[in-house]
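Student: test case, fold it:
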Amino acid sequence: MTGVANALAAEQLDAPELFRDSGLDITMLGDPDARFPTEQVSLLWELAVARSGNPAVGLIGAGGAKPGYFGVVAYPLMSAPDLLGILHRIVRYIAIVSDAAIVSLHKHGDSYRLALVLNAGSRSVPHERFAFDLLQFLSFCRWVTGIDLNPVGVELSHRGDSSAVFEAAFGCRPRFGAAENAILFSCANVNRPLPTAHPRLSAVHDRIATEQLERVSGSQFTPRARAEIVRCLHDGAPTRAAIARALAVSERTLHRRLNEEGTSFQRLVDDTRRELAENYLARRDLSAAEVAYLLGFKDQGSFFRATQRWFSMTPQNYRLRAASAAE
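Tutor: Numbering: from 1, shown residues only. Here you go, the predicted model:
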């Protein structure tokens, strides 16, 4: 959030006032363990857009991302062997920086696709927040590599009306109205060795970051499992074995830990899909087929039956109800 405050100040906005009017305590920025409610963060961006009149607000500041914005996570990123190592560590340690963000990384043809999902809570997430976070990731990678690193693609879910500004910031023309918010790096770039790489320090930094991740996550196992489920949904319904592997535990341990926290693997998968469905169906730019894909359903029929069970109505009726409530 320090990066957000600085980005808003770079736009000549009154960051302390925006934080206060959003119900956020700006003095908490100095606390590495501070957590800011996702609804208030979204309100902060809404107010910033309204007061600036700029649909690309924050991009100037995001382009100057500094290691200090990432806290302890900056160290394992800098000592990683290559850009791919940075991307994997962003996925692994993002919960230290934000408890609202879930990042996934997938091989996508001749590139690697880093996708960002933000927990909406009870308030929809403004598109400026997605663009800012993705550009911060890119800016940090540019700073570490020391080159004018341009992605091979940028996908933004909103309908763009200031594409030139976004193209100048990202170094390529974004595809607006995409199903997700993501940034794509070429295989040639992700395999580029980093000038800051340090194998011995990397192990030390990873251990420190892992300890910090465990500390901020507390003893709760369910949020970690939920994050891995979201990351796997692109490949279909996640299996218990795959999630256990991602969490470095046995399937038996996964079952026991979830049971101790009052849930089960299948219930957690279903609850996660339902929560994401509420967010996706509220968006008019996503078709039912795209929502079914994002939730990992093998076909639209399975998705249709799930929405009947979750909401007692079809996806189309749920969408109509959501649109009516927003008016």
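
Student: for the stretch 101-250 of the chain, which segments count as helices?
Tutor: 127-145, 163-170, 187-190, 199-217, 222-232, 240-246 (DSSP state H, counting those that start in this stretch).

Student: between the ones you listed, which one is closest to Asn181.
Tutor: helix 127-145 (4.1 Å; C-beta to C-beta). Yep, even glycine has a C-beta here, placed from its N, CA and C like the rest.

Student: would you list the helices of the stretch 101-250 of the chain in CSV and tack on mean pLDDT and mean neighbour count?
Tutor: Formatted as CSV, the helices of the stretch 101-250 of the chain follow (pLDDT from 0 to 100; neighbours: other C-beta atoms under 10 Å):
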stretch, mean pLDDT, mean neighbour count
helix 127-145, 90, 22
helix 163-170, 86, 16
helix 187-190, 91, 16
helix 199-217, 83, 14
helix 222-232, 81, 20
helix 240-246, 88, 17
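
Student: could I get the ones you listed in a markdown table, plus columns for distance to Arg89?
Tutor: Below are those laid out as a markdown table (distance: least, C-beta to C-beta, whole Å):
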| stretch | distance to Arg89 |
| --- | --- |
| helix 127-145 | 11 |
| helix 163-170 | 21 |
| helix 187-190 | 13 |
| helix 199-217 | 8 |
| helix 222-232 | 14 |
| helix 240-246 | 15 |
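
Student: of all those helices, which lies closest to Gly53?
Tutor: Closest of these to Gly53 is helix 127-145, at 12.4 Å (criterion: C-beta to C-beta).

Student: quick check: angle from that closest one to helix 163-170?
Tutor: Angle, helix 127-145 to helix 163-170, by axes from the mean of the first three to the mean of the last three C-alpha atoms, to 10 degrees: 30 degrees.

Student: off-centre distance for helix 127-145?
Tutor: 11 Å (C-alpha atoms, centre = their mean, to the nearest Å).

Student: repeat for stretch 61-79
Tutor: 16 Å.

Student: can you start the count at 58 instead of 1 from here on
Tutor: Done: numbering now begins at 58, and the last item shifts to stretch 118-136.

Student: what's in contact with that stretch?
Tutor: 59-61, 63-68, 89, 143, 146-147, 150-151, 153-154, 188-190, 192-194, 196-197, 200-201, 226, 251, 253-256, 258-259, 262-263, 265-266, 269 (C-beta atoms under 8 Å, 6 or more residues apart in numbering).

Student: give the buried residues for it.
Tutor: 118-120, 122, 126-136 (16 or more other C-beta atoms under 10 Å).

Student: and that stretch, end to end?
Tutor: End-to-end distance of stretch 118-136 (C-alpha to C-alpha, to the nearest Å): 25 Å.

Student: stretch 365-373 now?
Tutor: With C-alpha to C-alpha, one end of stretch 365-373 sits 11 Å from the other.

Student: show me the contact partners of it.
Tutor: By C-beta under 8 Å, 6+ apart, the surrounding residues in contact with stretch 365-373 are 331, 334, 338, 345, 348, 360-361, 364, 375, 378.

Student: before we move on, what about stretch 181-189?
Tutor: 61, 64, 95, 98-99, 102-103, 105-106, 112-116, 118-119, 173, 175, 213-215, 223, 238, 336, 339.

Student: switch to 7 Å and redo it
Tutor: 64, 99, 102-103, 106, 114-116, 119, 173, 175, 213-215, 223, 238, 339 (C-beta atoms under 7 Å, 6 or more residues apart in numbering).

Student: do you know how far the spatially most central residue of the chain is from Arg378?
Tutor: For the chain, the residue nearest the mean C-alpha position is Leu173 (3.1 Å; C-alpha atoms, centre = their mean). For Leu173, the distance to Arg378 equals 27 Å [C-beta to C-beta, to the nearest Å].

Student: what of His262?
Tutor: To Arg378, His262 is 48 Å away according to C-beta to C-beta.

Student: also Leu241?
Tutor: 35 Å.

Student: which of these two has more neighbours?
Tutor: Leu241 (20 against 14; other C-beta atoms under 10 Å).

Student: and the residue lying closest to the more buried one once chain neighbours are set aside, what does it touch?
Tutor: The shortest distance from Leu241 to any non-neighbouring residue, by C-beta to C-beta, 6 or more residues apart in numbering, is to Gly210 (3.8 Å). Counting by C-beta under 7 Å, 6+ apart, Gly210 touches 168, 229, 232, 241.

Student: can I get the CA coordinates of stretch 255-274 in PDB?
Tutor: What follows is stretch 255-274, C-alpha atoms only, in PDB (Å, rounded to 0.1, in the frame of the first residue of the first chain):
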ATOM      1  CA  HIS A 255      23.000 -15.100  -5.700                       C
ATOM      2  CA  PRO A 256      22.400 -18.800  -5.100                       C
ATOM      3  CA  ARG A 257      23.500 -18.800  -1.400                       C
ATOM      4  CA  LEU A 258      21.600 -15.600  -0.500                       C
ATOM      5  CA  SER A 259      18.600 -16.900  -2.400                       C
ATOM      6  CA  ALA A 260      18.200 -19.900  -0.100                       C
ATOM      7  CA  VAL A 261      18.500 -17.600   3.000                       C
ATOM      8  CA  HIS A 262      16.000 -15.100   1.600                       C
ATOM      9  CA  ASP A 263      13.500 -17.800   0.700                       C
ATOM     10  CA  ARG A 264      13.700 -19.200   4.200                       C
ATOM     11  CA  ILE A 265      13.100 -15.800   5.700                       C
ATOM     12  CA  ALA A 266      10.200 -15.100   3.300                       C
ATOM     13  CA  THR A 267       8.700 -18.500   4.000                       C
ATOM     14  CA  GLU A 268       8.800 -17.900   7.800                       C
ATOM     15  CA  GLN A 269       7.200 -14.500   7.200                       C
ATOM     16  CA  LEU A 270       4.500 -16.100   5.100                       C
ATOM     17  CA  GLU A 271       3.700 -18.600   7.800                       C
ATOM     18  CA  ARG A 272       3.600 -15.900  10.400                       C
ATOM     19  CA  VAL A 273       1.200 -13.600   8.500                       C
ATOM     20  CA  SER A 274      -1.000 -16.600   7.500                       C
END
